[in-house]
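Novice: model the structure of this input:
(chains A and B)
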Number of protein chains: 2
Amino acid sequence: MTAAIKASTTDSWARVLRLLREGDKFLVAGHNNPDGDALGSTVALGWLLEALGKTYWLYNESPVPDRFSWLRFSQPLQQAHPDWEPRWYILLDCGDSKRVGKDLAARLPLERTVNIDHHVSNRDFGAVNLVEPDRSSVGEMIGYLAQELGFPLKGPLGEAVYLALVTDTGSFSYENTVPKVLELAATIIRQGLNLARFNALLQNQWRMNRLKLMGDVLSRARLFDDGRIGVISIPKAFREERQATVEDCDDMVDYIRRVKGVRIAVSLREDGPRKIKFSLRSTGDTDVEEIASSVGGGGHKNAAGGELHHSLEDAESLLVRMTREYLALADKNPSAAS
Amino acid sequence: MTAAIKASTTDSWARVLRLLREGDKFLVAGHNNPDGDALGSTVALGWLLEALGKTYWLYNESPVPDRFSWLRFSQPLQQAHPDWEPRWYILLDCGDSKRVGKDLAARLPLERTVNIDHHVSNRDFGAVNLVEPDRSSVGEMIGYLAQELGFPLKGPLGEAVYLALVTDTGSFSYENTVPKVLELAATIIRQGLNLARFNALLQNQWRMNRLKLMGDVLSRARLFDDGRIGVISIPKAFREERQATVEDCDDMVDYIRRVKGVRIAVSLREDGPRKIKFSLRSTGDTDVEEIASSVGGGGHKNAAGGELHHSLEDAESLLVRMTREYLALADKNPSAAS
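Specialist: Numbers count the residues shown, from 1 in each chain, chains lettered A, B, ... in the order given. The predicted model follows:
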């Protein structure tokens, strides 16, 4: 065992390693609408199983998102079940077994399910559970498995692990960028990753429609509460005018968060009449999960969201009022909420 | 000597280390209009000299940029000369001694100048020259000096080195992110850097005016040559309307570069009538320096720019024509230009 593998879950690591070495007929699945970690860890595990000479099947309910179309797979990612019965189902980056989507969740034999995850909410739903909430990403964990199995993190295997690391650490900027993560990234580069090519593939995937929609939206951004609350709204009409998708709206909340003095960033996306998706972002001790959950949403301390059944205007007013009240309370009572 | 220090310049490292240990009365200066590396390496060297108990003076022709106002200095950054005569002038991140600004450049005794830099164009202008073009940043080099001198990279010293690393590697995404850079970053985190706090300070410094200007500009972005050329223009009237500064326009070219299919990103900023500042960006083998220099500008293969004395409209047409011709030539003759 390398030092990267923690004593507390040593037994789980050993069980997963033994299973990969000795088992066969694996189905590997990440959560649907996969992000860079769900997809990267699936691809990386695929290359590991390929190297081990196993029979395996890479599954996701959703097809490969367009922005990751450049990823190199050992086998195509399937939306269907194989015509052979898997012996082991390995679920990656799923806080809950339902995250793989209805179809697979319905037929999943939990007694033959291996659960590899880093969500703190994970309730060990599998027969084998390798769950470490302190890990930056599941891809990081697959990287350690590869090292334990003696495979260097080069070529498409290294690329897939790197994708997971970069995605889930916000390009090595979030708190989960612990030293081991940077050292693993260093190892992957040392084993041959072409960083310039990789980043061009990863970063230069925006649609022009997204750029223009972003322009429309940012030029109408607003501040409230002496600049402590930043709000951006994406009316459905804006999306339609730019022929932009729901995905094109992703991450826009991060731009208003970057404005100096903004303690809570709010974004609202109008999906239909009285159907509003909202996101809240903060840094440090400002707990936006508290605000989101008070209107039926949820999430984490610094990133939360939910849905509101109001007009866009009313949803904005509601969220500004709630965040304003939260900040006023936090000011009065710093130990409790700020 | 650690392995981080290269054999080829071992003698220069030894001379600089001896000078820091045995010398006194240092003036430390980075280039004017300092970026994160010029400023970070100045601050880091300040903390080193402080720890060594030396008399020193931190100089820059420009004041601390607003976005770096959170940086912790061992001594204030001065725009004036000290009232004592420095024994040694240490220039950081200056490809040329003139980069420190007219005032200091005019009085600089080159026989008492120490030149620590990573610009490939540096012509060893000092009495002691520690110039390593392969280094990500001068801050990285100051980090190794600190380690050689036995000071851990913690507190404001670690923060200043980290700032230099993050800035000059594009948050660990450029080609210069070699394994040693990530390992140095890991060491700084291990020695106590609070990454979440640091990144909030670094990233959340935008002015609202900048965000809105960015919106105005991006919603008017255009593609040419089947989407291979992306153009954004910033008319002076836009800046005036948003009360935005020239600095608020920085980095906007990076957004149009992110659009899928764009091989050359062009941005134009109108500073006055017939006074246009332009930037060109590319990835991989597409050489925009060639285009920039053909209209009197300069730069590097993937990042170049210059000034044009045309109307905004004419400057746009000219640059689109030049980039289009470059790409057509590159298509015909891939070995020469693509």
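
Novice: for A:Glu50, grab the count of nearby residues.
Specialist: By other Cβ atoms under 10 Å in any protein chain shown, 15 other residues sit near A:Glu50. In short, each C-beta sits where N, CA and C put it, glycine included.

Novice: separation between the residue nearest to it when sequence neighbours are not counted and A:Trp88?
Specialist: Distances taken as Cβ to Cβ, 6 or more residues apart in numbering or on different chains put A:Ser74 closest to A:Glu50, at 4.1 Å, once the chain neighbours are dropped. Taking Cβ to Cβ, to the nearest Å as the measure, A:Ser74 falls 17 Å from A:Trp88.

Novice: higher neighbour count, the two?
Specialist: Neighbour comparison, A:Ser74 and A:Trp88: the larger count goes to A:Trp88, with 21 against 18 (by other Cβ under 10 Å).

Novice: so the residue lying closest to the more buried one once chain neighbours are set aside bridges to which residues?
Specialist: Take A:Trp88 and drop its neighbours on the chain: the residue closest to it by Cβ to Cβ, 6+ apart is A:Phe26, 5.0 Å away. In this structure, A:Phe26 bridges to A:Tyr56, A:Trp88 when assessed by DSSP bridges.

Novice: hang on, A:Phe26 packs against A:Pro86?
Specialist: Yes: the criterion here is Cβ atoms under 8 Å, and A:Phe26 meets it with A:Pro86 at 6.2 Å.

Novice: tell me the mean pLDDT for stretch A:94-111?
Specialist: Mean per-residue pLDDT for stretch A:94-111: 96.

Novice: run through who's touching that stretch.
Specialist: Outside of stretch A:94-111, the residues within contact range by Cβ atoms under 8 Å, 6 or more residues apart in numbering or on different chains are A:29-32, A:59-62, A:81, A:89, A:91, A:93, A:113, A:115, A:117, A:119, A:121-123, A:125-127.

Novice: rerun that using 10 Å as the cut-off
Specialist: The contact list for stretch A:94-111 (Cβ atoms under 10 Å, 6 or more residues apart in numbering or on different chains) reads A:27, A:29-33, A:38, A:59-62, A:79-81, A:85-89, A:91-93, A:113, A:115-123, A:125-127, A:131, A:133, A:138.

Novice: which positions in it come out as buried?
Specialist: Neighbour-count burial for stretch A:94-111 flags A:Cys94, A:Gly95, A:Asp96, A:Ser97, A:Arg99, A:Val100, A:Gly101, A:Leu104, A:Ala105, A:Leu108 (criterion: 16 or more other Cβ atoms under 10 Å in any protein chain shown).

Novice: and the longest helix along chain A, what other elements does it pack with?
Specialist: Ranked by number of residues, the top helix in chain A under DSSP state H is helix A:312-332. Packed against helix A:312-332, as judged by 3 or more Cβ pairs under 10 Å, 6 or more residues apart in numbering or on different chains; DSSP states H and E, are the following elements: strand A:222-224, strand A:229-234, strand A:264-272, strand A:275-282, helix A:288-294, strand A:303-308, helix A:334-337.

Novice: could these go into TSV alongside mean pLDDT?
Specialist: Below are the helices and strands packed on helix A:312-332 laid out as TSV (pLDDT from 0 to 100):
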stretch	mean pLDDT
strand A:222-224	98
strand A:229-234	98
strand A:264-272	97
strand A:275-282	95
helix A:288-294	94
strand A:303-308	92
helix A:334-337	56
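
Novice: let's have those in TSV, adding distance to B:Arg324.
Specialist: Listed next are the helices and strands packed on helix A:312-332 as TSV, based on distance: least, Cβ to Cβ, whole Å:
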stretch	distance to B:Arg324
strand A:222-224	40
strand A:229-234	34
strand A:264-272	37
strand A:275-282	40
helix A:288-294	47
strand A:303-308	43
helix A:334-337	56
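
Novice: which element, helix or strand, includes A:Phe172?
Specialist: A:Phe172 belongs to no helix or strand when elements are defined using DSSP states H and E.

Novice: residue contacts, it?
Specialist: Here A:Phe172 is in contact with A:136, A:165-166, A:181-182, A:185, B:166, B:169, B:171-173, B:177, B:182, B:185, B:189, B:195, B:199 (criterion: Cβ under 10 Å, 6+ apart).

Novice: helix or strand with the lowest mean pLDDT in chain A?
Specialist: helix A:334-337 (a mean of 56; mean pLDDT, DSSP states H and E).

Novice: kindly report the residues of the stretch 51-200 of chain A close to chain B.
Specialist: By Cβ under 10 Å from any Cβ of the partner chain, the part of the stretch 51-200 of chain A that sits against chain B consists of A:66-67, A:69, A:166, A:169-191, A:193-200.

Novice: buried among the residues you listed? Need that as a selection in PyMOL.
Specialist: Entered in PyMOL, the line below selects the buried ones among those, by 16+ other Cβ under 10 Å:
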select buried, chain A and resi 67+166+169+170+171+172+173+174+176+177+178+179+180+181+182+183+184+185+186+187+188+189+190+193+195+196+198+199+200
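
Novice: so which of the residues of the stretch 51-200 of chain A next to chain B belong to helices?
Specialist: Among those, the residues falling in helices (DSSP H) are A:166, A:179-190, A:195-200.

Novice: tell me how far stretch A:273-283 lies from the chain's centre.
Specialist: Counting by Cα atoms, centre = their mean, to the nearest Å, stretch A:273-283 is centred 18 Å from the centre of its parent chain.

Novice: typo on my end, it should be stretch A:78-87
Specialist: Distance of stretch A:78-87 from its chain centroid, counting by Cα atoms, centre = their mean, is 25 Å.

Novice: cool, and stretch A:233-242?
Specialist: 25 Å.

Novice: what sits up against that stretch?
Specialist: Contacts with stretch A:233-242, where a contact means Cβ under 10 Å, 6+ apart, come from A:207-217, A:220-222, A:244-246, A:248-249, A:252, A:266-273, A:275-278, A:312-313, A:315-316, B:219.

Novice: show the pLDDT at A:Ala160.
Specialist: For A:Ala160, the model assigns a pLDDT of 98.

Novice: three-state assignment of it?
Specialist: Secondary structure state of A:Ala160, per DSSP: H, G, I helix; E, B strand; the rest coil, is helix.

Novice: now it: how far from A:Arg207?
Specialist: The gap separating A:Ala160 from A:Arg207 is 24 Å, by Cβ to Cβ.

Novice: who are the contact partners of A:Leu49?
Specialist: Residues near A:Leu49 by Cβ under 10 Å, 6+ apart: A:Leu20, A:Gly23, A:Asp24, A:Phe26, A:Val28, A:Thr55, A:Tyr56, A:Trp57, A:Leu58, A:Ser74, A:Gln75, A:Ile90.

Novice: that one: which element?
Specialist: Going by DSSP H and E, A:Leu49 is part of helix A:36-51.

Novice: return the distance of that helix from the chain's centre.
Specialist: The answer for helix A:36-51 is 15 Å, by Cα atoms, centre = their mean.

Novice: what is the mean pLDDT for that helix?
Specialist: Taken as a whole, helix A:36-51 has an average pLDDT of 98.
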